[in-house]
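Enquirer: fold the stuff below for me.
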Amino acid sequence: MIYYTQLRRYKIFNLKELIMARASARHILVDSEDLCKDLIDQINKGDDFGQLAKEHSKCPSGKNGGDLGEFGPGQMVPEFDTVVFNEKIGIPHGPVKTDFGFHIVEITSRS
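Expert: As a prediction, the model looks like this:
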């Protein structure tokens, strides 16, 4: 039997974990799914993510190689958050479709 105080401690612990979660990522935002897939192929073949972000991203972060800095859950759109807080660090993920377009997301750190 779970007592109220145990349940409350469990909820507080999980809330603390959620609040303390942080991640850093970079991305490339484009209008076309085909271009997104093509850029992922280029990255997987060794092309520089940051340079491709500078050349192709329609997000202002593109001028900084797509770097979004550090953020927590809920600060980005849900589709983006799902990738950043659940997928493997250091590899390109995508296409990630949002209302903004198609993203290639690379998680650079997570805590």
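
Enquirer: quick one: find the helix or strand in this protein with the lowest mean pLDDT.
Expert: Every helix and strand of the chain was ranked by mean pLDDT, DSSP states H and E. The lowest is helix 4-20, at a mean of 53.

Enquirer: so what's the residue nearest to the spatial centre of the chain up against?
Expert: For the chain, the residue nearest the mean C-alpha position is Val84 (3.4 Å; C-alpha atoms, centre = their mean). When contacts are counted by C-beta atoms under 8 Å, 6 or more residues apart in numbering, Val84 touches 23, 25, 76, 105, 107, 110. Backbone N, C-alpha and C define where each C-beta goes, glycine included.

Enquirer: one step back: packing partners of the helix or strand that comes right after the least confident helix or strand of the chain?
Expert: Following helix 4-20 in sequence order, the next helix or strand is strand 23-30 (DSSP states H and E). In this structure, strand 23-30 makes packing contacts with helix 33-44, helix 49-56, strand 67-71, helix 78-84, strand 101-110, judged by 3 or more C-beta pairs under 8 Å, 6 or more residues apart in numbering; DSSP states H and E.
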